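> Got a predicted structure here, sequence first:
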Number of protein chains: 6
Amino acid sequence: MAIFGLIEYKDASPEVRAVYDDIMATRKSDWINNFWKALAHDPATLKRTWESIKQIMAPGALDPLTKEMIYVAVSVSNQCDYCIASHTASAKNKGMSKEMFEEMMAVVGMANESNRLAAGYRVEIDEKFKTW
Amino acid sequence: MAIFGLIEYKDASPEVRAVYDDIMATRKSDWINNFWKALAHDPATLKRTWESIKQIMAPGALDPLTKEMIYVAVSVSNQCDYCIASHTASAKNKGMSKEMFEEMMAVVGMANESNRLAAGYRVEIDEKFKTW
Amino acid sequence: MAIFGLIEYKDASPEVRAVYDDIMATRKSDWINNFWKALAHDPATLKRTWESIKQIMAPGALDPLTKEMIYVAVSVSNQCDYCIASHTASAKNKGMSKEMFEEMMAVVGMANESNRLAAGYRVEIDEKFKTW
Amino acid sequence: MAIFGLIEYKDASPEVRAVYDDIMATRKSDWINNFWKALAHDPATLKRTWESIKQIMAPGALDPLTKEMIYVAVSVSNQCDYCIASHTASAKNKGMSKEMFEEMMAVVGMANESNRLAAGYRVEIDEKFKTW
Amino acid sequence: MAIFGLIEYKDASPEVRAVYDDIMATRKSDWINNFWKALAHDPATLKRTWESIKQIMAPGALDPLTKEMIYVAVSVSNQCDYCIASHTASAKNKGMSKEMFEEMMAVVGMANESNRLAAGYRVEIDEKFKTW
Amino acid sequence: MAIFGLIEYKDASPEVRAVYDDIMATRKSDWINNFWKALAHDPATLKRTWESIKQIMAPGALDPLTKEMIYVAVSVSNQCDYCIASHTASAKNKGMSKEMFEEMMAVVGMANESNRLAAGYRVEIDEKFKTW
């Protein structure tokens, strides 16, 4: 169970409700997931985290689905169970198919493997990789 | 410097050359980067790793650029300097713009942040996230 | 369940009991948490680990509460569920308020974010940061 | 070298200069470290990251030095060379002595050790640790 | 529960059954563990992963038990609960005693500790360690 | 460069010299590597770390070479450059061949890959893996 419990909408302060309202409006959903309800005990962190995520995950040079799959990939690499579950669900909502999930997972696995091969064999960076 | 040094094409065994040839043919390039030259001391690992990466990074439900950005994202999350440099270069070759890199980095940073917030606040997984 | 089970005081060897006694005396408590009971299957590791922790966590240039919060911060960063739970409880016992926990968590999250930004952007170390 | 190079004040856009000015004013310093100059290629991330760090690192329930040492502890645990160097320097500026650094390091080392002991022995969370 | 559920032998495609059959024949066992049943939703990844593991874990310059303990050590370091459990069981089947497990764990703990001491104290690599 | 510099034998306090002497006697060597010289600024940590490593790495149910390879495997997984270099050298001194290093690396790579597959596919632990 979340360390301080979950704050439901009906029990939330106006400051927290304003964030919840913006989450639901942005997502066109009537539902708030546990991450935000657990974070609501610290309204400053709740607000800052939500506003950062809202800005970062908005469409830009990358589309929202690609961003969400990158989010899942990092969460898998870090073995964060909650984040794997919540961002896999988000990515699915944004159009990730089972096949896309499977291919993403294969890349995450291989990247974790080759990262260690590069470290253990102490491969020096090629000159042409040093600049953009 | 790579622990056993780098094996150049002219010094490579036929077994290693066959992998080098396939890397260059697949990439339509006349160049081999240091990772493979360092790994070539163990031909079995060289061959298996290349064949796995070739299969995993081929176009499928995800396009090669998306896969390459996921590879960069994991490498950044793991702080693998060589892999960050080499896969950033690969992603750029496949069409990643400066803006796409920047947005990818913003997602990687935020995912690493929220992964720890979820862990520290011990957020339980929402029922609706438990199944696909 | 712990891999070899938990060794309770009444079932413990004199060697293990001596460590348990010192843990309780040091903590002014009549209770041993599961970590030690699981480790007690290897009395050498039990004794060495306890004596190291006792030495490291004692008051010094840093007070015990600051040390305990650093312990929580690392455990959160590593996503170790047991350690997050046990060291959060210890920090609370030593005076960590809910607000202190929340601020510590905000720092841990941000440090994990900026660590990856520094890695991905390949920021070189400023000259003036190179020496103490 | 930073992937896109470093943006110096004289070459910065007004948007970037505004962040640089706020960093220097907040820190009562006439100097900007490389992290910000590398991030300045993405003004939105520069601004968001600075404003988050400014908010998070301000005095609150925890004093700025304790926060800075937690930042160092996480950076050491993640093995981020740049962040270790820059936040060690910041902590020193805020009053961290050599002895405080050494004790912080001892805690970070031990936390990383016991995190793995808890995982490998599969220690279950004590009932009394489950709630705040 | 595994994200797409587990595919049992009786429900598996011929392609998946061929891998299951090879797993059981190689292990001289009539049983498949959940990892493979979860991965079977992506037959290409199932086949590639199994063939890689089969090749890597075969006797060579290192015996299978040493390889399996290295596998456990990495899994503990990464805090992967499933992998800790499954590879501890495999290592036990290959002859790992309780004492061997305990000594392996002590090394894993200490390596994680000293890795951070080296990073935080920024120890430069000794000249004589730079080459094989 | 190490943050506080390296303390050479001739400049060391009697307390530090005693540890250096024991390191050299234990290793039957007349040489101290940088890790200890950097740590010598904190004699308590120097002594505790050395005594722990001496105890942990001594022959027991596992031979010293196996322990040293486990140490390398964890250091590679954590991407600790100093530790990879120093413990690879130690393992070589204790008899690790080039082939043994290569096989160890292949296991480390694969363990890092399958750890993420298990996490991302959310594989539940098999009943028979739950107990020793």
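Perfect, I can see it now.
> For the longest helix seen in chain A, buried residues please.
Scanning chain A for the longest helix, with DSSP state H as the assignment, gives helix A:98-120. Buried residues in helix A:98-120, counted by 16 or more other CB atoms under 10 Å in any protein chain shown: A:100-120. Heads up, the C-betas are built off the backbone N, CA and C, glycines and all.
> For chain E, what is the nearest residue in chain A?
A:Glu102 (3.9 Å; CB to the nearest CB).
> just checking, that residue touches E:Leu46?
No. If you go by CB atoms under 8 Å, A:Glu102 and E:Leu46 don't touch, sitting 10.1 Å apart.
> What ranges does chain A have for its helices?
Using DSSP H, helices in chain A cover A:14-27, A:34-39, A:43-57, A:64-78, A:81-93, A:98-120.
> Out of those, the one nearest D:Leu39 is which?
Of all the helices of chain A, it is helix A:43-57 that lies closest to D:Leu39, at 13.9 Å by CB to CB.
> Please list the residues outside the closest one that contact it.
With CB atoms under 8 Å, 6 or more residues apart in numbering or on different chains as the test, helix A:43-57 has contacts from A:13, A:15-16, A:19, A:22-23, A:26, A:36, A:39-40, A:64, A:67-68, A:71, B:103, B:106-107, B:110, B:113-114, B:117, C:102, C:105-106, C:109, D:44, D:48, D:52, D:55-56.
> and it, what's its mean pLDDT?
Averaging the model's pLDDT scores along helix A:43-57 yields 98.
> Mind listing what's buried along it?
In helix A:43-57, counting by 16+ other CB under 10 Å, buried: A:Pro43, A:Thr45, A:Leu46, A:Lys47, A:Arg48, A:Thr49, A:Trp50, A:Ser52, A:Ile53, A:Ile56, A:Met57.
> So A:Leu46 versus A:Ala38, what's the distance?
Applying CB to CB, to the nearest Å, the value for A:Leu46 to A:Ala38 is 9 Å.
> next one: stretch A:86-105 to chain centre, how far?
12 Å (CA atoms, centre = their mean, to the nearest Å).
> is that stretch up against chain C anywhere?
No. Stretch A:86-105 stays clear of chain C (CB under 8 Å from any CB of the partner chain), getting no nearer than 14.9 Å.
> First-to-last residue distance for that stretch?
16 Å (CA to CA, to the nearest Å).
> can you list contacts of that stretch?
By CB under 8 Å, 6+ apart, the surrounding residues in contact with stretch A:86-105 are A:33, A:35, A:64-65, A:68-69, A:71-73, A:75-76, B:56, B:60-62, B:67, B:70, B:111, B:125-126, B:128-129, B:132, E:3-4, E:41-42, E:45, F:116-117, F:120-121.
> who in chain A is up against chain D?
Neighbours of chain D within chain A, by CB under 8 Å from any CB: A:Met1, A:Ile3, A:Phe4, A:Ala44, A:Arg48, A:Ser52, A:Gln55, A:Ile56, A:Lys130, A:Thr131, A:Trp132.
> mind listing what the residue lying closest to the first one once chain neighbours are set aside touches?
On the basis of CB to CB, 6 or more residues apart in numbering or on different chains, the spatially nearest residue to A:Met1 that is not a chain neighbour turns out to be B:Glu124, at 6.0 Å. Contact criterion CB under 8 Å, 6+ apart gives A:Met1, A:Ala2, A:Asn34, A:Tyr82 as the residues in contact with B:Glu124.
> Those residues into CSV, with extra columns for pLDDT?
Formatted as CSV, the contacts of B:Glu124 follow (pLDDT from 0 to 100):
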residue, pLDDT
A:Met1, 83
A:Ala2, 96
A:Asn34, 98
A:Tyr82, 98
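> quick one: which of the residues you listed is most hemmed in?
A:Tyr82 (26 neighbours; other CB atoms under 10 Å in any protein chain shown).
> Starting from B:Asn112, give me the distance back to it.
14 Å.
> Quick check: residues of chain A near chain C?
A:Ile3, A:Phe4, A:His41, A:Asp42, A:Ala44, A:Thr45, A:Thr49, A:Asn78, A:Gln79, A:Cys80.
> tell me the pLDDT at the first one?
Among the per-residue scores, A:Ile3 shows a pLDDT of 97.
> and it, what does it touch?
A:Ala38, B:Gly120, B:Tyr121, B:Arg122, C:Thr88, C:Phe101, D:Thr131, D:Trp132.
> Output the residues you listed as a markdown table; include the columns pLDDT.
Below are these laid out as a markdown table (pLDDT from 0 to 100):
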| residue | pLDDT |
| --- | --- |
| A:Ala38 | 98 |
| B:Gly120 | 98 |
| B:Tyr121 | 98 |
| B:Arg122 | 98 |
| C:Thr88 | 98 |
| C:Phe101 | 98 |
| D:Thr131 | 91 |
| D:Trp132 | 95 |
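> Figure out how far stretch A:46-61 is from the centre of its chain.
10 Å.
> do stretch A:80-94 as well
With CA atoms, centre = their mean as the basis, the mean position of stretch A:80-94 lies at 7 Å from the chain mean.
> Buried residues in it, which are they?
Quick answer for stretch A:80-94 (16+ other CB under 10 Å): A:80-92.
> tally of neighbours for the nearest residue to A:Ala91 once chain neighbours are set aside?
Distances taken as CB to CB, 6+ apart put A:Glu68 closest to A:Ala91, at 4.1 Å, once the chain neighbours are dropped. Per other CB under 10 Å, the neighbour tally for A:Glu68 reads 23.
> ok, A:Glu68 to A:Ser86 distance?
Distance from A:Glu68 to A:Ser86, by CB to CB: 10 Å.
> do A:Asn33 as well
In terms of CB to CB, A:Asn33 sits 6 Å off from A:Ser86.
> any shared contact partners between those two?
Common neighbours of A:Asn33 and A:Ser86 (CB under 8 Å, 6+ apart) are B:Asp126, B:Phe129.
> that older thread, selection in PyMOL covering whichever of the contacts of stretch A:86-105 are buried, please.
Of the contacts of stretch A:86-105, the buried ones go into a single PyMOL selection, burial set by 16+ other CB under 10 Å:
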select buried, (chain A and resi 33+35+64+65+68+69+71+72+73+75+76) or (chain B and resi 56+60+62+67+70+111+125+126+129) or (chain E and resi 3+4+41+42+45) or (chain F and resi 116+117+120+121)
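> Per-residue pLDDT of A:Ala118, please?
pLDDT at A:Ala118 comes out at 98.
> And A:Lys98, by the same measure?
In this model, A:Lys98 carries a pLDDT of 98.
> got it, and A:Lys10?
Value listed for A:Lys10 in the pLDDT field: 98.
> How about the one 3 residues further on?
pLDDT for A:Ser13: 98.
> List the contacts of it.
A:Pro43.
> repeat for A:Met69
Here A:Met69 is in contact with A:Ala91, A:Met96, A:Met100, A:Met104, B:Leu62, B:Thr66, B:Ile70 (CB under 8 Å, 6+ apart).
> again with A:Gln79
A:Gln79 touches C:Gln79, E:Asn78, E:Gln79, E:Cys80, F:Asn115, F:Arg116, F:Ala119, counting by CB under 8 Å, 6+ apart.
> From B:Ser52, how far out is it?
According to CB to CB, A:Gln79 and B:Ser52 sit 21 Å apart.
> got it, and A:Asp22?
43 Å.
> Likewise for A:Lys10?
For A:Lys10, the distance to B:Ser52 - CB to CB - is 52 Å.
> likewise A:Ile70?
Counting by CB to CB, the gap from A:Ile70 to B:Ser52 is 21 Å.
> Kindly report the same for A:Ala25.
44 Å.
> OK, contacts around the residue positioned nearest the centre of chain A?
When chain A is reduced to its mean C-alpha position, the closest residue under CA atoms, centre = their mean turns out to be A:Tyr71, at 4.2 Å. The neighbourhood of A:Tyr71, defined by CB under 8 Å, 6+ apart, consists of A:Met57, A:Cys83, A:His87, A:Ser90, A:Ala91, B:Val107, B:Met110, B:Ala111.
> The second one: what's its closest spatial neighbour, skipping adjacent residues?
Closest residue to A:Cys83 in three dimensions, ignoring its sequence neighbours and counting by CB to CB, 6+ apart: A:Ser75, at 3.7 Å.
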